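# with the input below, show me the fold.
(one chain, ligands or ions: 3)
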Amino acid sequence: MKSKAAMIHGLNQEWSVEEIDIQAPKKNEVIVHWRAAGMCHSDEHLVTGDMVPPQEYWEFMGLKDFFPMIGGHEGAGVVVEVGPDVTDLAVGDHVSASFVPSCGRCRYCSTGRQNLCDLGSQTFIGGMITDGTHRHFQKNGEPVTLMAKLGTFSEYACVATNSLIKIDKDIPLEAAALVSCGVATGWGSATARAQTKPGDTVVVVGVGGIGMNAVQGAKMAGAKRIIAIDPVEFKREKAMEFGATHTFSSMAEALPAVMEMTWGQLADRVIMTPGVLHGEMMGEGMSLAGKGSTVVVTAISPMTSTTASINLFELAMWQKEVKGTIFGSLNPRADIPALLDMYRSGTLKLDELITKRYPLDQINEGYRAMRDGENIRGVIVNG
Ligand SMILES: NC(=O)c1ccc[n+]([C@@H]2O[C@H](COP(=O)([O-])OP(=O)(O)OC[C@H]3O[C@@H](n4cnc5c(N)ncnc54)[C@H](O)[C@@H]3O)[C@@H](O)[C@H]2O)c1
Ligand SMILES: [Zn+2]
Ligand SMILES: [Zn+2]
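Numbering: from 1, shown residues only. Ligands and ions are numbered 1, 2, ... in the order given. As a prediction, the model looks like this:
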């Protein structure tokens, strides 16, 4: 079948909306009509190269080139065709994407850590997770890979059932799209990973699509103070609507105030969710964290950078811990439906996260707006 898809052909290029050809789904694959796709900062990391493995890596993996790639890993849609042996999805089912696939059988899936599923190791290899061959082709007949094996910046895509979560049909697909990455990652960073407790002081550094949901998660976990830090005033105002109690435009500005409001104890949890996490920001983030505190690293750093300035004396003597997280350390198959249920019952805000909707053709305008700090989340909608 034919589809329109937004792809990038190389570093620092604009998204190019082109017609692609999609082959029929094979074993354990389906065709999804992506109806809504969130414009997460992680796709921007593909454009800037932060999340592009070095050339030696992809050559070693047998890839001719890392690009072109169809973007998009936040999304939700409707199944329009099923391949052989698909038993858990049918035509007409509504699905959420899951940027971490889950096999249900590996060591990690079977110990409640689906976000670490071994299938995730195939994210940066070409072809389908199922058998390594390609289903998506450019007009010139060359294969094209998909961001996180999902390619939600396409009208249609062939996706392995391991990367899809069936959802109830009464849930708006835009809401499900947001939960598939940004909401789950931010909310889980504050709850599952940071283990925020009632009465805690929580600092969230960067309140875009991910950090805003860390604010929501911290509030639901019972935090007493939620300090949102962002240079953009509009984001700070929104953070107050999502549950922040204080806002500051920088970590340096927040430090003396957090010191004073906690009587010198500083924060119990610090969650790092800026657009790009550079090593030198870690020292500042950790200086906001008090004795026995937890610092969660959610944001993406340039893949090959290996230095961060942190005070190791304080790390040991103040007994701080630093934790990374992917997908907020949640289990996609259990937690995507659970978060959508909280939305249905009115305890989780999703509609309020969408600042603007775009047709696929306007994807570059949507990412410009993200870079300029205009959107909490921009969402691509396909009719
Ligand atoms: N760990 C994961 O599983 C996972 C999943 C999704 C996204 N991410 C990453 O999380 C990060 C945030 O993504 P997003 O979609 O929310 O991005 P975003 O662009 O929507 O938001 C980032 C926010 O950080 C703010 N910011 C920039 N520099 C700052 C600074 N020095 N101090 C405080 N705030 C600052 C920006 O103004 C913006 O509001 C990205 O790096 C993204 O790739 C990680
Ligand atoms: Zn994302
Ligand atoms: Zn697994």
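
# where does the chain get nearest to ligand 1, residue-wise?
Ligand 1 sits closest to G208 of the chain, with a gap of 1.8 Å, by Cβ to the nearest ligand atom. Where you see a C-beta, it was placed from the backbone N, CA and C, and this is true even at glycine.

# wait, that residue sits on C40?
No. Here G208 lies out of contact with C40, judged by Cβ atoms under 8 Å, at a distance of 9.1 Å.

# what do those two both touch?
With Cβ atoms under 8 Å, 6 or more residues apart in numbering applied, the overlap between the contact sets of G208 and C40 consists of R377.

# follow-up on the earlier one: helix, strand or coil: sort out the residue of the chain closest to ligand 1 for me.
Secondary structure, DSSP: H, G, I helix; E, B strand; the rest coil: G208 is coil.

# ok, it - contacts?
With contact set as Cβ under 8 Å, 6+ apart, G208 has these partners: H41, D230, K235, T273, G275, M370, I376, R377.

# which of those residues ranks first by neighbour count?
Neighbours here are counted as other Cβ atoms under 10 Å. On that basis the top member of these is T273, with 30 neighbours.

# is it true that that one touches V297?
No. T273 sits out of contact with V297 when judged by Cβ under 8 Å, with a separation of 9.2 Å.

# secondary structure element for the residue of the chain most remote from its centre?
Relative to the average C-alpha location in the chain, and by Cα atoms, centre = their mean, no residue lies farther out than W263, which sits at 34.8 Å. For W263, there is no host helix or strand (DSSP states H and E).

# over to A244?
A244 is part of no helix or strand when elements are defined by DSSP H and E.

# excluding sequence neighbours, find me the nearest residue to it.
Leaving out its chain neighbours, the residue that sits closest to A244 by Cβ to Cβ, 6 or more residues apart in numbering is A228, at 3.9 Å.

# interface residues of this protein facing ligand 3?
C103, C106, C109, C117 (Cβ under 5 Å from the ion).

# how does it look with 8 Å?
Residues of the chain lying near ligand 3 by Cβ under 8 Å from the ion: 101-110, 114, 116-119.

# so what's K169 up against?
When contacts are counted by Cβ under 8 Å, 6+ apart, K169 touches H94.

# so what does it have for phi and psi?
For K169, the backbone dihedrals (degrees, to the nearest 10) come out as phi -70, psi -10.

# helices of the stretch 1-150 of the chain, start to end?
Counting by DSSP state H, counting those that start in this stretch, the stretch 1-150 of the chain has helices at residues 41-48, 55-60.

# distance check, S154 against I8.
The span separating S154 from I8 equals 13 Å under the rule Cβ to Cβ, to the nearest Å.

# before we move on, the earlier item: can you add pLDDT and secondary structure and give the contacts of G208 back as CSV?
As requested, the contacts of G208 are exported to CSV (pLDDT from 0 to 100; DSSP: H, G, I helix; E, B strand; the rest coil):
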residue, pLDDT, secondary structure
H41, 96, helix
D230, 98, coil
K235, 98, helix
T273, 98, coil
G275, 97, coil
M370, 97, helix
I376, 98, coil
R377, 98, strand
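
# and the residues you listed near ligand 1, which?
On the criterion Cβ under 6 Å from any ligand atom, H41, D230, K235, T273, G275, M370 are the entries of the contacts of G208 that sit beside ligand 1.

# between S154 and I8, which one's more packed in?
Between S154 and I8, counting by other Cβ under 10 Å, S154 is the more crowded of the two (33 against 22).

# could you find the closest non-adjacent residue to that one?
Setting aside the residues directly before and after it, S154 is nearest to A5 in space (Cβ to Cβ, 6+ apart), at 3.6 Å.

# in the stretch 51-200 of the chain, what residue is nearest ligand 2?
When Cβ to the ion is the measure, the stretch 51-200 of the chain has its nearest residue to ligand 2 at C181, with 3.3 Å between them.

# did I read that right, that residue in a helix?
Yes. The assignment for C181 (three-state DSSP) places it in a helix.

# please name the nearest non-neighbouring residue to it.
The shortest distance from C181 to any residue other than its chain neighbours is 4.2 Å, reached at E74 (Cβ to Cβ, 6+ apart).

# which residues does the one you found bridge with?
Beta bridges link E74 to G38 when assigned by DSSP bridges.

# which residues does A97 contact?
Applying Cβ under 8 Å, 6+ apart, the residues contacting A97 are 34, 73-76, 148, 150, 152, 159, 163-165, 177, 180-181.

# and stretch 5-12, anywhere near ligand 2?
No. If you take Cβ under 8 Å from the ion as the test, stretch 5-12 misses ligand 2, and the best it gets is 15.5 Å.

# name the residues of that stretch that come out as buried.
Of the residues in stretch 5-12, those buried under the neighbour-count criterion (16 or more other Cβ atoms under 10 Å) are A5, A6, M7, I8.
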